[in-house]
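> any chance you can model this:
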Amino acid sequence: MSHRNAPLSVEGRRRLVRRCQDRPIAHVAAEMGISRACASKWVGRYRLHGDLGLLDRPSTPHRQPTRTRGEIVARIERMRREHKWSAARIAFELRAVGTTISRRTVTRHLHQLGLNRRRFIDPDGGTNRTGRTITARWPGHMIHLDVKKTGRIPDGGGWRLHGRGSEQAKRVARTKTRGSKPGYVYLHSALDGFSRLAYTEALPDEKAATAVGFLHRARAFFAAHGIDRIQRIVTDNGACYRAGDFARALLGSRHQRITPYTPRHNGKVERYQRILSEEFLYARSWTSESHRAHALTTWNVHYNYHRPHTAAGNRPPASRLHTGVTNLMASYN
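Numbers count the residues shown, from 1 in each chain. Alright, predicted model coming up:
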């Protein structure tokens, strides 16, 4: 079968056969960078079958003693189409009538039949299932928390400012070898799911005590904008969010942790982290960590009160809050 590193395509095999008509096979094989056995195989197939012998053959063996019988495959297809049963249910029903088959085997046959997805068997192409979508209905309904880990900028700037082969980059690399590493900065962010109002701090770690302190300061920030009641706090499954101290700091809010390894369930703050990276962290060069930390305050103001957001109708996130924050917005303009 052809693969991305195959030295011969179908057209290449035709050239091989033409060259071997008046030259030794070993010479042509060395010239084309293949083994003599490979060249002899394709020449032999061409002599037996003509152009059809140059096509790829399936790798399926001619004899498969353990292959699932055709009537069982037909029964699997009928159960799937008529009852829309899952692979596990089909395997259970087959075992009930005396046919021993595993769920994995049923899954493989459904994939080969093109029936592994519900939308492939529904008449209208739908899934016959209603997804459970949870959206924020008012400010404070859902507050999303997340932590972004980023490298600490050494004094004088790093390689992004001076280049990878510069003296400054080499000096920073030498300090790493001596055990004095720049380390990391942890950007803790809180975002209101309704308005997309966001609050970010650069903190030294992501421990539970740090996350609790950030949560209290984020509550104060949202309260200043009229969000004095937080119904639900959405986080991932990080250690700082699973700690008992963090649970006690919720102050009556419901803590909702997303499904493990499913960051899209916390997608609003994940999207905010991407905006933060593209428009702040890597949008310009920084000369020190204190330089970037000081600019983060300005970024918070720019994002909340000036930057247009598509979720807010191309207006700043603060515009979706009550009119009581207009005076606060005016103080930053």
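> helices along the protein, start to end?
Assigned by DSSP state H, the chain shows helices spanning 10-19, 25-32, 36-49, 70-83, 87-96, 103-113, 159-162, 167-177, 208-224, 239-242, 244-248, 267-276, 289-305, 326-332.
> which one, of these, ends up nearest to Pro260?
Pro260 lies closest, by C-beta to C-beta, to one member of these: helix 239-242, at 11.3 Å. For the C-beta atoms, the positions are set from N, CA and C on the backbone; glycine is no exception.
> show residues contacting that closest one.
Residues outside helix 239-242 that contact it (C-beta atoms under 8 Å, 6 or more residues apart in numbering) are 145, 147, 206-208, 210-211, 235, 246, 255, 257.
> buried stuff in it?
Under the neighbour-count criterion of 16 or more other C-beta atoms under 10 Å, helix 239-242 has 240-241 buried.
> stretch 270-283 too?
Quick answer for stretch 270-283 (16+ other C-beta under 10 Å): 270, 272-273, 276, 280-281.
> closest one of those to Trp138?
Of the buried residues of stretch 270-283, the one sitting nearest to Trp138 (C-beta to C-beta) turns out to be Tyr272, at 19.2 Å.
> still on that earlier bit, in the buried residues of stretch 270-283, find the pair that's most separated.
So, the buried residues of stretch 270-283 by C-beta to C-beta: farthest apart are Glu270 and Phe280, at 15.6 Å.
> gap between Glu82 and Tyr241?
For Glu82, the distance to Tyr241 equals 46 Å [C-beta to C-beta, to the nearest Å].
> kindly report the same for Ala312.
Where Tyr241 is concerned, Ala312 sits at a distance of 27 Å (C-beta to C-beta).
> then Lys84?
Distance from Lys84 to Tyr241, by C-beta to C-beta: 38 Å.
> and if you look at Arg23?
In terms of C-beta to C-beta, Arg23 sits 71 Å off from Tyr241.
> same question for Pro260.
Computed as C-beta to C-beta, the Pro260 to Tyr241 distance reads 12 Å.
> and what of Ala247?
Relative to Tyr241, and taking C-beta to C-beta, Ala247 is found at 9 Å.
> shared neighbours, the two?
Both Ala247 and Tyr241 are contacted by His255, under the criterion C-beta under 8 Å, 6+ apart.
> where in the chain is pLDDT low?
Counting by pLDDT under 70, the chain contains low-confidence ranges at 1-2, 122-133, 158-165, 168-182, 322-333.
> can you tell me how far Leu8 is from Pro65?
Look at Leu8 and Pro65: by C-beta to C-beta, they are 33 Å apart.
> my error: substitute Tyr272 in the last question.
Separation of Tyr272 from Pro65 (C-beta to C-beta): 57 Å.
> relative to Trp138, which of the helices of the chain is closest?
helix 208-224 (12.6 Å).
> right, and Arg320 touches Pro139 too?
Yes: assessed by C-beta atoms under 8 Å, Arg320 is found in contact with Pro139 at 7.5 Å.
> the more surrounded of these two?
Counted by other C-beta atoms under 10 Å, Arg320 and Pro139 do not tie: Pro139 has more neighbours, with 22 against 18.
> look up phi and psi at the more buried one.
phi -60, psi 130 (degrees, to the nearest 10).
> let me see the contact set for it.
Pro139 neighbours (C-beta under 8 Å, 6+ apart): 192, 194-195, 197, 222, 225-227, 320-322.
> if I look at Pro58, how far off is Asn116?
Pro58 is 21 Å from Asn116, where distance means C-beta to C-beta.
> export the helices of the chain to CSV and tack on distance to Glu201?
Converted to CSV, the helices of the chain look like this (distance: least, C-beta to C-beta, whole Å):
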stretch, distance to Glu201
helix 10-19, 61
helix 25-32, 63
helix 36-49, 63
helix 70-83, 53
helix 87-96, 47
helix 103-113, 47
helix 159-162, 22
helix 167-177, 25
helix 208-224, 6
helix 239-242, 14
helix 244-248, 16
helix 267-276, 12
helix 289-305, 8
helix 326-332, 18
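> nearest to Ile121, of these?
Closest to Ile121 of the helices of the chain, according to C-beta to C-beta: helix 70-83, at 5.8 Å.
> in terms of secondary structure, what does the closest one contact?
helix 87-96, helix 103-113 (3 or more C-beta pairs under 8 Å, 6 or more residues apart in numbering; DSSP states H and E).
> just the residues contacting that helix, thanks.
85, 89-90, 93-94, 99, 101, 106, 109-110, 113, 115, 121.
> so which of those residues is the most crowded?
Counting neighbours by other C-beta under 10 Å, the top entry in those is Val106, with 25 neighbours.
> excluding chain neighbours, what is closest to that residue?
With sequence-adjacent residues excluded and distances taken as C-beta to C-beta, 6 or more residues apart in numbering, Val106 is closest to Ala87, at 4.2 Å.
> with Leu110 instead?
The shortest distance from Leu110 to any residue other than its chain neighbours is 4.6 Å, reached at Asn116 (C-beta to C-beta, 6+ apart).
> just Arg315 next, same as before
Pro308 (6.0 Å).
> ramachandran coordinates for the one you found?
phi -70, psi 140.
> now swap in Gly226 and tell me
phi 90, psi 0.
> residue contacts, Arg14?
By C-beta under 8 Å, 6+ apart, the contact set of Arg14 is 51, 54.
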